[in-house]
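J.: Coordinates only, no sequence provided:
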């Protein structure tokens, strides 16, 4: 292998915060000083380089002088430490309400992964691939999210099988129950796309086009237009995660790890946003 210098376009403060979390984790585990191949700073730098550039973790680790197995182990350790810092669903809703926003946006995304042989029984009684999304024609995991009106994701769920519908995933993740609570207790309604049609009170979705060649009335058309124009900025929430942290574009680990990856990226995004606000 040939080594070469490279630049990593993340703030130094972000590396410092991740290293601080790693030091706290090592103290909890009772890790002896100088018993690791990399310091907390270099381990944080290694994982951020992989997260940011979607590189091969073994090659990134080789640049830091560690083996393939150590690289994978260090990566998974950082992801678990970061994912543990992800906000709770109700905490995220309360934060959005406290910041003065008038609503929150619910959205779901299938994060692609390598094919998994796990099967399950469909609603029609057929055996299907549990992680295959018929909508996207690719294997992956469905992750639900709550997004602030300006497009900043505030909460993401655990991974759910890619074959499941957004509404079913939102119900399984507890998102719908929390949305009902936020609408009634925090005066914070939830806006969503037609994939959440029938979600219930407090979750506003577009009115569907009637069948039989009928046309929606002007008032319903105006409602749909207003809802879509209000919700559109929230659609960039997951795009912000995948655009900034390129490793999320295709996850080669087990689909059951996808939720931890996305939560780790969410925490990194929140740390960056905090650093940008405090540095201005």
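T.: Noted; the coordinates are in hand. None of these values were measured; they are calculated from a predicted model. Numbers count the residues shown, from 1 in each chain.

J.: Tell me which strands the helix or strand harbouring residue 112 pairs with, and in which orientation.
T.: Counting by DSSP states H and E, the element that carries residue 112 is strand 104-112. Sheet partners assigned to strand 104-112 using DSSP bridges are listed as strand 138-147 (antiparallel), strand 190-191 (parallel).

J.: Just the mean pLDDT for stretch 183-200, thanks.
T.: Averaging pLDDT along stretch 183-200 yields 92.

J.: wait, stretch 265-272
T.: 95.

J.: out of everything not next to it in sequence, what's closest to residue 153?
T.: Distances taken as C-beta to C-beta, 6 or more residues apart in numbering put residue 237 closest to residue 153, at 4.2 Å, once the chain neighbours are dropped. (Glycine included, C-beta is placed from N, CA and C.)

J.: Show me the contact partners of the strand or helix carrying the one you found.
T.: Take DSSP H and E as the rule and residue 237 turns out to sit in helix 236-244. Applying C-beta atoms under 8 Å, 6 or more residues apart in numbering, the external contacts of helix 236-244 come out as 52, 105, 107, 109, 143, 145, 147-148, 151-153, 248-249, 262, 265-266, 268-269, 272.

J.: Using ChimeraX, define a selection of the buried residues within those.
T.: Of the contacts of helix 236-244, the buried ones can be selected in ChimeraX as follows, counting by 16 or more other C-beta atoms under 10 Å:
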select :52,105,107,109,143,145,147,148,151,152,153,248,262,265,266,268,269,272
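
J.: Spell out, range by range, the helices that occur in the stretch 51-200 of the chain.
T.: Secondary structure of the stretch 51-200 of the chain (DSSP state H, counting those that start in this stretch): helices located at 57-63, 68-83, 89-98, 166-172, 175-185.

J.: by how many degrees do the last one and strand 104-112 diverge?
T.: To tie it back to what came earlier, the one meant is helix 175-185. Angle between the axes of helix 175-185 and strand 104-112 is 170 degrees (criterion: axes from the mean of the first three to the mean of the last three C-alpha atoms, to 10 degrees).

J.: which regions of the stretch 151-280 of the chain lie under the pLDDT threshold?
T.: 275-280 (pLDDT under 70).

J.: Do you have the strands of it handy? List them.
T.: 153-156, 160-161, 190-191, 203-204 (DSSP state E, counting those that start in this stretch).

J.: Those strands into CSV, with extra columns for distance to residue 178?
T.: Compiled in CSV, the strands of the stretch 151-280 of the chain are given as follows (distance: least, C-beta to C-beta, whole Å):
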stretch, distance to residue 178
strand 153-156, 9
strand 160-161, 16
strand 190-191, 9
strand 203-204, 11
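
J.: Just the local confidence number for residue 59, please.
T.: So residue 59 comes in at 88 (pLDDT).

J.: Excluding chain neighbours, what is closest to it?
T.: That would be residue 1: by C-beta to C-beta, 6+ apart, it lies 7.9 Å from residue 59.

J.: so how far is residue 69 from the one you found?
T.: Separation of residue 1 from residue 69 (C-beta to C-beta, to the nearest Å) stands at 17 Å.

J.: Looking at those two, which is more packed in?
T.: residue 69 (10 against 6; other C-beta atoms under 10 Å).

J.: tell me, how many neighbours does residue 185 end up with?
T.: 12.

J.: scratch that, residue 4
T.: Burial measure for residue 4: 6 neighbouring residues, criterion other C-beta under 10 Å.

J.: Local confidence estimate at it?
T.: 71.

J.: try residue 121
T.: Reported pLDDT for residue 121: 69.

J.: List the contacts of residue 197.
T.: 167, 205, 206, 208.

J.: Quick check: it vs residue 219, distance?
T.: 18 Å.

J.: for residue 244, same thing?
T.: 40 Å.

J.: more neighbours, these two?
T.: A direct count of neighbours by other C-beta under 10 Å for residue 244 and residue 219 places residue 244 higher, at 16 against 9.

J.: distance of that one from residue 271?
T.: Residue 244 is 12 Å from residue 271, by C-beta to C-beta.

J.: for residue 130, same thing?
T.: According to C-beta to C-beta, residue 130 and residue 271 sit 33 Å apart.

J.: and residue 231, how many neighbours?
T.: Look at residue 231: counted by other C-beta under 10 Å, it has 22 neighbours.

J.: Is the closest residue to it other than its chain neighbours bridged to anything, and to what?
T.: Nearest residue to residue 231 in three dimensions, chain neighbours excluded: residue 191, at 4.5 Å (C-beta to C-beta, 6+ apart). For residue 191, the beta-bridge partners are residue 105, residue 204 (DSSP bridges).
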